[in-house]
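Student: Okay, here's the prediction I keep looking at, along with the sequence it came from:
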Amino acid sequence: MDEFVQKADKLLASKRISSELVNAMADTLNIIWQDILHLLHDRQHILHLGTQLQEKMAQCQRRMDQLEVACIDTMLPIEVTAVQEFLNKFKQLRIDMLTAVMAALKDGNELLAQLKELVNLETLDTRPEHIKRDAARALHQVQLWLEALHDRRNALETAWQTRKVQLEHCLTLALLGRELDEVEAALRQQRSEVDSLFSLGECEHSANNALHNYREWKQQALLLRDRALKITRAKEKLQASGTFTGDEACARAYNVLSACTEHLD
């Protein structure tokens, strides 16, 4: 525009100007103005995309912070329902984080495409490479933001997988503990029934009833012993996997298995 105004002033000062030249100058001015409007429109669109990206990245960082706090949390629920609820919330945090990341990447890639178009233009005005350098710097900056976002997402994914396995082991342990409680309760009830029987039968009928009850008790005792053995092996497997399961959990399973075996004998 400055160059055009200087040339126009010189022509007007020389008084060697015709109507054709005035029309040509008007056409040139219109072309220049259209270029300016186009450039302002592109700039407005890029600024809009940049603002959108910053908003999406801020939301993404909040989601990532929430997931990171959950990943480094050392609290482990004990009750089955509590573990299930905690695990479900933990999985939802990852879904929310991935949704936010995808939204940020979508806007980021759209912004990159717009900036690449500016960088690939041969020239935009009479200042050599002026806007192109700014576009290249902006392009590089957006790429760094998206790379950092991608790297943090990968790091959180690793932490999330580790924490998820820990919580799943915690849930398995809680379920095994609940089943072990059921075995202990059934064992106490059966012992009470067996200990209450003092007679071997006063007649053939009562002796047959006693024998029938004994066979049922024996079958139930076998089932209890097998359930206790299954629980014990499952806890041993958890302990061997290097999880947080300590000796105390296995010790209780061993005690119940020993009591079931003693009762069967």
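Tutor: The structure has been received and is ready for your questions.

Student: Ala136 touches Leu121, doesn't it?
Tutor: No. Ala136 lies out of contact with Leu121 (Cβ atoms under 8 Å); the separation is 11.4 Å. (Glycine included, C-beta is placed from N, CA and C.)

Student: more neighbours, these two?
Tutor: Each of Ala136 and Leu121 has its neighbours counted (other Cβ atoms under 10 Å); Ala136 has more, 15 against 11.

Student: any idea which element that one lies in?
Tutor: helix 130-195 (DSSP states H and E).

Student: For that helix, name the packing helices and strands.
Tutor: helix 19-72, helix 80-120, helix 204-240, helix 247-264 (3 or more Cβ pairs under 8 Å, 6 or more residues apart in numbering; DSSP states H and E).

Student: by how many degrees do that helix and helix 247-264 diverge?
Tutor: 30 degrees (axes from the mean of the first three to the mean of the last three Cα atoms, to 10 degrees).

Student: circling back: looking at the helices and strands packed on helix 130-195, spot the one closest to Lys10.
Tutor: For the helices and strands packed on helix 130-195, distance to Lys10 was read as Cβ to Cβ. The smallest value, 11.8 Å, belongs to helix 19-72.

Student: and the helix holding Ala136 with helix 204-240, angle?
Tutor: 150 degrees.

Student: burial count for Glu85?
Tutor: 12.

Student: Spatially nearest residue to it (excluding sequence neighbours)?
Tutor: If you skip the residues right next to it in sequence, Glu85 has Pro77 as its closest partner in space, 8.0 Å away by Cβ to Cβ, 6 or more residues apart in numbering.

Student: ok, now which ones touch that neighbour?
Tutor: Listed by Cβ atoms under 8 Å, 6 or more residues apart in numbering, the contact set of Pro77 reads 83, 85-86, 170, 174.

Student: again, only this time at 7 Å
Tutor: When contacts are counted by Cβ atoms under 7 Å, 6 or more residues apart in numbering, Pro77 touches 83, 86, 170.

Student: I'd like those as JSON lines, with neighbour count, distance to Gly50 and pLDDT appended.
Tutor: Supplementary listing: the contacts of Pro77 in JSON lines, determined by neighbours: other Cβ atoms under 10 Å; distance: Cβ to Cβ, whole Å; pLDDT from 0 to 100:
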{"residue": "Val83", "neighbour count": "21", "distance to Gly50": "43", "pLDDT": "86"}
{"residue": "Phe86", "neighbour count": "18", "distance to Gly50": "38", "pLDDT": "88"}
{"residue": "Cys170", "neighbour count": "22", "distance to Gly50": "44", "pLDDT": "84"}
